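Novice: Fold the following for me, if possible:
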Amino acid sequence: MTFDSINYQQSIRALSLPVPDSHTLFDIFEIEGDSIVQAIDAFKSGNERAQNYLKGILYAVTPATKERLERRGLVVPRVAVLISIGRHEGPNFALKLKAWDESGLDNCDEARYVRLALARHLERTSAAGAAPAAANPVSNRPSSAVAEAAPSQSRPSVSAAKQGAAAIDRQAGRPPAQQRAEPLQTAEPASSDTAWPDSDSDAGAGTDGDYYKSFHVYGGRFAACFSEDTTQRGIHTIRVEATEASGQRTYNWKNKVAIQLSQRELPLMLATLMLWTSKFEAKGHGQNNEKWMTLEAQPGKLYLSVQSKGTGARGVAIMAGDAYPITTMIVKQMLANDPFLTADLVFKLARKQIEIMQQGI
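Specialist: Below you'll find the model as predicted:
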């Protein structure tokens with residue numbers, strides 16, 4: 001397929017969305033591939049996820065977004081990073097940045113969200129020193145190499161772009177299954193049930209072909225990643241990874257400490273997230289029982305500390321709001337292990353475990 005900027009600019013304008021200039025639009029096509037084309041058609045048919053995906057990218061690359069970042073004293077990333085932000089955050093990033101800019105406040109929920117989202121996506125792309133290629137959420141055609149396309153040439157296949165993204169992950173030392181954020185895939189063209197990326201979520205492909213969601217928490221010196229995971233015995237659980245900063249807004253995931261929670265630990269961690277108990281400890285992890293972690297309730301926050309023998313503690317504060325996706329992730333995994341239960345029963349059973357522990361039974 002050749003690149004026709006005028007045609008696609010007209011299609012975007014007809015949707016009453018911000019229209020990128022030809023150069024920016026080509027950059028979007030170069031990275032997103034057929035996803036962006038199919039999203040335009042799906043947008044017209046009322047596909048909400050496609051609308052969220054398309055709005056996210058187009059709002060993120062507007063000159064207004066860049067101007068607001070400058071006014072708030074933040075770095076203005078290259079277009080590839082803004083595209084990544086729009087793809088995964090949806091229109092939330094641009095809308096919350098606008099609200100923050102108009103409020104003039106530096107200590108507000110919108111400011112915190114924008115800073116964390118920007119740091120997260122800068123880390124994803126800057127570690128490899130190259131723009132990320134995105135997996136097409138609606139195509140899985142094979143390709144053997146990543147091609148570079150010029151405006152007058154055909155664009156690279158989306159599967160080739162996915163291979164490029166995987167190569168960037170390997171260079172950056174990111175975990176192959178949980179750390180990389182990629183949309184779900186389907187071989188069907190865009191429709192009302194197409195698996196467009198969800199905003200505010202990261203999804204990575206598992207080694208068994210499943211797709212795992214993850215959530216990151218960033219601090220000044222350390223960062224943590226909470227991911228859906230599956231044990232070798234097929235138990236659905238959570239993987240907690242912690243690493244340290246390797247520079248300004250970059251984190252050394254190659255040097256992470258990773259802990260896979262056991263099934264019995266899931267309700268205990270859930271209980272701490274729900275503040276039914278003040279502290280959760282996971283001990284004796286790793287081949288030599290050399291890794292452990294704690295999650296402790298503190299005034300105004302939860303505090304996660306992950307440690308391994310020979311390394312210092314890696315601690316991150318989990319603020320109100322950030323605990324929500326972690327909590328829902330745990331409940332989802334517990335329900336996956338026991339699908340005959342309801343979420344309400346999961347909470348009741350988890351609370352009962354704490355009562356048993358506190359009574360010393």
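
Novice: Please identify the buried residues of the longest strand along the chain?
Specialist: The longest strand of the chain (DSSP state E) is strand 236-247. Across strand 236-247, burial judged by 16 or more other Cβ atoms under 10 Å covers 236, 237, 238, 239, 240, 241, 242, 243, 244, 245. (Each C-beta comes from the backbone N, C-alpha and C, glycine too.)

Novice: now, among these, which is nearest to residue 88?
Specialist: residue 241 (18.4 Å; Cβ to Cβ).

Novice: Run through the residues that contact residue 97.
Specialist: 65, 68, 69, 72, 110, 114 (Cβ atoms under 8 Å, 6 or more residues apart in numbering).

Novice: Buried subset of those residues, written for PyMOL?
Specialist: To isolate the buried ones among the contacts of residue 97 in PyMOL, judged by 16+ other Cβ under 10 Å, type:
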select buried, resi 65+68+69+72+110+114
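
Novice: With secondary structure added, can I get the contacts of residue 97 in a markdown table?
Specialist: Output for those, formatted as a markdown table (DSSP: H, G, I helix; E, B strand; the rest coil):
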| residue | secondary structure |
| --- | --- |
| 65 | helix |
| 68 | helix |
| 69 | helix |
| 72 | coil |
| 110 | helix |
| 114 | helix |
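
Novice: Make a markdown table from the contacts of residue 97 and add pLDDT and distance to residue 229 to it.
Specialist: Formatted as a markdown table, the contacts of residue 97 follow (pLDDT from 0 to 100; distance: Cβ to Cβ, whole Å):
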| residue | pLDDT | distance to residue 229 |
| --- | --- | --- |
| 65 | 93 | 35 |
| 68 | 92 | 37 |
| 69 | 92 | 34 |
| 72 | 88 | 36 |
| 110 | 88 | 32 |
| 114 | 91 | 29 |
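
Novice: Tell me the one among the contacts of residue 97 nearest to residue 304.
Specialist: Within the contacts of residue 97, proximity to residue 304 (Cβ to Cβ) peaks at residue 114, which comes in at 22.6 Å.

Novice: and the residue lying closest to the closest one once chain neighbours are set aside, how far is that from residue 69?
Specialist: In this structure, residue 114 finds its nearest non-sequential neighbour in residue 97, 5.0 Å apart by Cβ to Cβ, 6 or more residues apart in numbering. Distance of residue 97 to residue 69, computed by Cβ to Cβ, to the nearest Å: 7 Å.

Novice: and if you look at residue 359?
Specialist: Note on residue 359: its distance to residue 69, by Cβ to Cβ, is 54 Å.

Novice: Over to residue 95?
Specialist: For residue 95, the distance to residue 69 - Cβ to Cβ - is 14 Å.

Novice: now do residue 60
Specialist: Using Cβ to Cβ, which is the criterion applied here, residue 60 is 10 Å from residue 69.

Novice: Ok, residue 253 next?
Specialist: 25 Å.

Novice: With residue 223 instead?
Specialist: From residue 223 to residue 69 the distance is 21 Å (Cβ to Cβ).

Novice: do the same with residue 351
Specialist: The spacing between residue 351 and residue 69, counted by Cβ to Cβ, is 44 Å.

Novice: For the protein, just list every one of the strands.
Specialist: Under DSSP E, the chain gives strands at 202-205, 211-218, 222-230, 236-247, 250-251, 257-260, 279-285, 291-298, 301-308, 314-319.

Novice: Let me know which of those is the nearest to residue 76.
Specialist: Short answer: strand 250-251, nearest of these by Cβ to Cβ, at 17.1 Å.

Novice: So what are the sheet partners of that closest one and their directions?
Specialist: Sheet partners assigned to strand 250-251 using DSSP bridges are listed as strand 236-247 (antiparallel).

Novice: Where do the helices of the protein begin and end?
Specialist: Under the criterion DSSP state H, the chain contains helices at 5-14, 22-32, 34-44, 48-60, 63-71, 79-89, 92-103, 109-126, 158-172, 265-273, 323-337, 343-359.
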